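Colleague: Sequence unavailable; structure follows:
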């Protein structure tokens, strides 16, 4: 960051000052960096930096120069204080990026010389790449790549003689061609530069998981998640997919209730996996989006844990480390099973526990069912489901609950979504003397016909209950399905829309097809680019008889490939049939045009004398010829290698020259 630290010293006199075009491109580059980071910067910081950038651009256009130190110094202090107050520290991904982008914009306040612009562009490219720490998706990566275009265009403009003479439409064309030519080498480096199995360095991450699934469930806590339409995981099956009613992805089981919310019990993490008898099983492959958490949602009941994960007693799966990258795995799911048919006394107590004084009316209702049905626990569960079906409604905007959430929901509001129903149903079962617990995860999903996989979105997050029945073990009960069957039969979108299918917008065939194809592209990006790890790289050379490519093998292939690419580029450059450089070619074109007008260049005549003689012979073109003479002499003798854009300008001037034959 010291490379972009605003300086309080005066610049040395005589250093070239930035042209207006170069400064405009520099501001465009800084603005693009700010735009790339805007998604994770505080809105007020993005707005403030945007105002500073625009104000500095307008001040420079009016002829202003560097901001005085008494303006720069307080702004740096304010930036530092704001970042620390917002994040509590200056270190980490979010505060570090905010401070870096802020310094980058403040660098404009003193960017007057070419050196300032080069330093700013160098750090702008670093800031662009740092945005990939937050999102490595296809759209984000393309946006970061586009940010290199104005940065490289700025560097080109620093070498131009008169950058203002280049039309804006032609400012970016050479840069795009250079980036296109760099694609083969970039692709080769992506494939064969040896990768590490773990990141080279780590940065503190935000502690909040982005799945929306939390290890605590309280009525109303899932509302933000249920309106989030971003993908959570994609699942493909070896055979036909299970019906929508069987698409339950288990993430957390929660046994402890404090009167306000549910959380997992420690007993489930200490015990070995509980006994289970499996019936029908389904083989599937899943691709889980980064969650920055360790929980791995698994279809129905997991029979074993994927590599680098642990199967816990409640048959939830926990990764050995946080999932900061796309996690792909294969698994078997049991859709018919008998799970923990005999219950440990400690587990039974955990799943019967209720806080003192909570839900007195609910306890009385559950006691009446227990008295009526006795030991028929399944009948008690059916009575609760029948009550929900008859008297309750499903909505994502329920009325707020009072202090006693259970009684207030049961006897006052009578409206809510999955959290409300799962929490209340589990409470009623425990009050009736039946072991029960809350389970959270995902339910449903959208079948992508183009890619033949199930797309589970974060809005498919769901909560349901498990009740322990004698001889059957843990049995799933979904009280939400009793209130709104569409939620389980057709998915979250159908329940939110309020009818038996998705809303008209998503039912449009062309939009559905477009959405499917776009998600297939994202799936390919996740598997082919983000999911390209050290293990997959080691198998690249299998077609050539190398089963496990070591670092030395990859390095050798990379070195040979780079040598071949460089040789091909040099061969293309050396075997071009050119006489001299591009400036000489333009000069020969001008000489031919003047020769047709009666002014031929003499043997041994220098360019200065030739232009002067042509101007005397062609008085109507005197001004144009004098301009061509000045530009040619500057390009030929003022540079070791004339700038391509200035040569192009000379060529256009030659093309536009209309020389008439001398009348004698």
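Modeller: Yep, it's here. None of the values given here were measured: they were computed from a predicted structure.

Colleague: what sits against residue 431?
Modeller: 354, 359, 362, 363, 365, 366, 367 (C-beta atoms under 8 Å, 6 or more residues apart in numbering). To be clear about C-beta, it is placed using only N, CA and C from the backbone, and glycine gets the same treatment.

Colleague: could you redo the last one with a cut-off of 10 Å?
Modeller: With contact set as C-beta atoms under 10 Å, 6 or more residues apart in numbering, residue 431 has these partners: 352, 354, 358-360, 362-367, 369-370, 406.

Colleague: Please report how far it lies from residue 194.
Modeller: 60 Å (C-beta to C-beta, to the nearest Å).

Colleague: Ok, residue 461 next?
Modeller: 39 Å.

Colleague: Neighbour count: the two, which is higher?
Modeller: Between residue 461 and residue 194, counted using other C-beta atoms under 10 Å, residue 461 has the larger neighbour count: 27 against 15.

Colleague: which residue ranges form the strands in the stretch 301-450 of the chain?
Modeller: Using DSSP state E, counting those that start in this stretch, the strands of the stretch 301-450 of the chain run over residues 301-302, 309-311, 317-319, 327-334, 337-339, 393-394, 415-416, 436-443, 446-448.

Colleague: Neighbouring strands - and their directions - for the last one?
Modeller: Each strand that pairs with strand 446-448, with its direction, by DSSP bridges: strand 453-457 (antiparallel).

Colleague: Surely residue 384 is in contact with residue 365?
Modeller: Yes - shown here, residue 384 and residue 365 form a contact pair, counting by C-beta atoms under 10 Å, at 8.8 Å.

Colleague: Now list whatever residues contact both of those two.
Modeller: With C-beta under 10 Å, 6+ apart as the test, residue 384 and residue 365 both reach 428, 432.

Colleague: With neighbour numbers in mind, choose between those two.
Modeller: residue 384 (25 against 20).

Colleague: show me the residues around the more buried one that make contact.
Modeller: 365-366, 369, 421, 424-429, 432, 465, 467, 477, 479, 482.

Colleague: How about residue 275: what's its closest non-neighbour residue?
Modeller: In space, residue 275 comes closest to residue 340 once its chain neighbours are excluded; the distance is 5.8 Å by C-beta to C-beta, 6 or more residues apart in numbering.

Colleague: swap in residue 622?
Modeller: residue 615 (4.6 Å).

Colleague: cool, and residue 612?
Modeller: Closest to residue 612 by C-beta to C-beta, 6+ apart is residue 629, at 7.3 Å.

Colleague: about what we covered before: residue 39: which of the strands of the stretch 301-450 of the chain is closest?
Modeller: strand 327-334 (23.0 Å; C-beta to C-beta).

Colleague: Tell me which residues of that closest one come out buried.
Modeller: Using 16 or more other C-beta atoms under 10 Å as the test for burial, strand 327-334 gives 327, 328, 329, 331, 332, 333, 334.

Colleague: And stretch 271-286, by the same measure?
Modeller: Buried, per 16+ other C-beta under 10 Å, within stretch 271-286: 273, 274, 276, 281, 282, 284, 286.

Colleague: hmm, back to that, list only those of the contacts of residue 431 flagged as buried.
Modeller: Here the buried ones among the contacts of residue 431, as counted with 16+ other C-beta under 10 Å, turn out to be 352, 354, 358, 359, 362, 363, 365, 366, 369, 370, 406.

Colleague: and the third one, what pLDDT?
Modeller: For residue 358, the pLDDT comes out at 87.

Colleague: Now do the same contact list for it.
Modeller: Applying C-beta under 10 Å, 6+ apart, the residues near residue 358 are 257, 258, 259, 260, 403, 404, 405, 406, 407, 427, 431.

Colleague: can you give me the helices for the stretch 351-500 of the chain?
Modeller: 360-373, 377-391, 405-408, 418-431, 479-483, 486-489, 492-497 (DSSP state H, counting those that start in this stretch).

Colleague: err, the stretch 201-350 of the chain, not the other one
Modeller: Per DSSP H, counting those that start in this stretch, the stretch 201-350 of the chain carries helices over the ranges 267-270, 345-350.

Colleague: same check, this time on the stretch 501-650 of the chain
Modeller: 504-507, 509-525, 534-538, 551-574, 582-596, 607-617, 622-638, 644-656.

Colleague: Nearest to residue 213 among these would be which one?
Modeller: Going by C-beta to C-beta, the one of the helices of the stretch 501-650 of the chain nearest residue 213 is helix 509-525, 20.7 Å.

Colleague: Just name whatever secondary elements the closest one is in contact with.
Modeller: helix 138-158, strand 231-237, strand 446-448, strand 453-457, helix 504-507 (3 or more C-beta pairs under 10 Å, 6 or more residues apart in numbering; DSSP states H and E).

Colleague: Single out the most deeply packed of those.
Modeller: Mean neighbour counts were compared across those using mean count of other C-beta atoms under 10 Å; the top stretch is strand 453-457, at a mean of 24.

Colleague: what's near enough to touch residue 32?
Modeller: 124, 127, 128, 143, 144, 146, 147, 148, 149, 150, 151.

Colleague: what does residue 436 give?
Modeller: 255, 351-352, 377, 381, 422, 425-430, 465-468, 474-475, 477.

Colleague: Apart from its neighbours in sequence, what residue is nearest the residue nearest in space to the middle of the chain?
Modeller: Nearest to the geometric centre of the chain sits residue 135, at 2.5 Å (C-alpha atoms, centre = their mean). Of all residues beyond its chain neighbours, the one nearest residue 135 is residue 39 (7.6 Å), with distances taken as C-beta to C-beta, 6+ apart.

Colleague: cool, residue 109 as well?
Modeller: Per C-beta to C-beta, 6+ apart, closest to residue 109 is residue 67, 4.0 Å.

Colleague: Could I get the contacting residues of the one you found?
Modeller: If you count contacts by C-beta under 10 Å, 6+ apart, residue 67 has them with 6, 52, 55, 56, 59, 75, 106, 108, 109, 110.

Colleague: ok, back up a step: may I ask which two of the contacts of residue 32 are separated the most?
Modeller: 127 and 149 (15.2 Å).

Colleague: which ones are touching residue 601?
Modeller: 587-588, 590-592, 594-595, 607, 609-611, 613-614.

Colleague: Residue 328 and residue 236, how far apart?
Modeller: The value you get for residue 328 to residue 236, if C-beta to C-beta is used, is 11 Å.

Colleague: repeat for residue 559
Modeller: To residue 236, residue 559 is 38 Å away according to C-beta to C-beta.

Colleague: Check residue 18 too.
Modeller: Counting by C-beta to C-beta, the gap from residue 18 to residue 236 is 54 Å.

Colleague: Same check on residue 186?
Modeller: 30 Å.

Colleague: Could I get the buried residues of strand 327-334 in TSV, plus columns for distance to residue 643?
Modeller: Formatted as TSV, these follow (distance: C-beta to C-beta, whole Å):
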residue	distance to residue 643
327	49
328	49
329	54
331	59
332	64
333	64
334	69
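
Colleague: Can you tell me which of these comes closest to residue 242?
Modeller: residue 333 (8.4 Å).

Colleague: Setting aside sequence neighbours, what's the nearest residue to the closest one?
Modeller: Residue 333 sits nearest to residue 299 (C-beta to C-beta, 6+ apart), 3.9 Å away.

Colleague: All set, thanks.
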